[in-house]
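Student: Predicted structure and sequence below. I'll ask about it afterward.
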Amino acid sequence: VPRSVLLAEIVTRMPARVTLLEVNLESRRIRATIPPPTNNPAQGRSGGSVRSLRGGATAGRGGRGQPEAPARPRIEPPRFESTLTLVGVASANNDIADFLQELKRCPLLEEVDLQYIQATVIDTTERRKFEIHARLRPDADATLVAMAQPTRLNGLPTPAEMRDMVGGAGGVAPTPPTGGIPTPAPAPAQAQGPGAAESEGAPDQGNKPASVPDVPESPAAPGGGMR
């Protein structure tokens, strides 16, 4: 089992309020015991020398006049016994209990046991320090560990889905879907004066000055004078 896979399993099962201080993995090679050869009576009767009718003894199954070749020893793959030690701190004993239960459910570990819990102070904050021992299963297989599902952010496709979409579009990256992306709300309309409604739809006059309306002349007073 790769150490990266084992470490990922430990971190994934660790509660949010638990912090690991030490992770120690020790491996010890197990010496394989070779069983002693057993005497097979049937092989002894058929594998011994046989006297022919012409006289003299001939070799058994080894060939004419040659001794039988010894059996090749069976080569066993090396076996190791790995012990895992975890030292960490937590905010409460319940967090340590939850972490212990999650480690017992791990398919790579066995004999998970809590060694101790004691109070400690870190940065003027009281914490609960613990130590857990476990053993790696001899038949542990990394392929049996379920792969973590990718996290979907704001409705965007995952990297695997994006690669499939790019391959299906002939190498051109498609436009990401906008169903889960929040769109900004339109800006509120500003308060306008009474004459703003009349100015809407009027053609733009540019920088031309506004025309001055014609002022009607006042009627002349009788006698040719001006009022």
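Tutor: Done, it's in.
Student: how about the top helix by length along the chain: buried residues?
Tutor: Taking DSSP state H as the criterion, the chain has its longest helix at helix 93-104. Buried residues in helix 93-104, defined by neighbour count with 16 or more other C-beta atoms under 10 Å: Asp95, Ile96, Asp98, Phe99, Leu100, Glu102, Leu103. Every residue, glycine included, has its C-beta placed from N, CA and C.
Student: Which helix or strand lies directly C-terminal to it?
Tutor: Next along the chain after helix 93-104, taking DSSP states H and E as the criterion, comes strand 109-122.
Student: Alpha carbons only: can I get that following strand in PDB?
Tutor: In PDB, the C-alpha atoms belonging to strand 109-122 read as follows (Å, rounded to 0.1, in the frame of the first residue of the first chain):
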ATOM      1  CA  LEU A 109      -6.100  -0.900   9.300                       C
ATOM      2  CA  GLU A 110      -6.700  -3.500  12.000                       C
ATOM      3  CA  GLU A 111      -6.300  -3.700  15.800                       C
ATOM      4  CA  VAL A 112      -6.900   0.100  16.200                       C
ATOM      5  CA  ASP A 113      -6.400   0.900  19.900                       C
ATOM      6  CA  LEU A 114      -6.400   4.100  21.900                       C
ATOM      7  CA  GLN A 115      -3.300   4.300  24.200                       C
ATOM      8  CA  TYR A 116      -4.000   7.400  26.400                       C
ATOM      9  CA  ILE A 117      -5.700  10.800  26.600                       C
ATOM     10  CA  GLN A 118      -4.200  13.500  28.700                       C
ATOM     11  CA  ALA A 119      -4.600  17.300  29.100                       C
ATOM     12  CA  THR A 120      -2.100  19.600  27.500                       C
ATOM     13  CA  VAL A 121      -1.800  23.400  26.900                       C
ATOM     14  CA  ILE A 122      -0.900  24.700  23.500                       C
END
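Student: Check which residues of that strand are buried.
Tutor: Residues of strand 109-122 classed as buried: Leu109, Val112 (neighbour count, 16+ other C-beta under 10 Å).
Student: so where is this protein shaky, pLDDT-wise?
Tutor: Under the criterion pLDDT under 70, the flagged ranges of the chain are 32-68, 144, 146-160, 163, 167-227.
Student: coming back round to it: among the buried residues of helix 93-104, which one sits closest to Arg72?
Tutor: Using C-beta to C-beta, Leu103 is the member of the buried residues of helix 93-104 that lies nearest Arg72, at 43.0 Å.
Student: right, and that closest one touches Pro15 too?
Tutor: No. Because the distance of 11.2 Å does not satisfy C-beta atoms under 8 Å, Leu103 is recorded as not touching Pro15.
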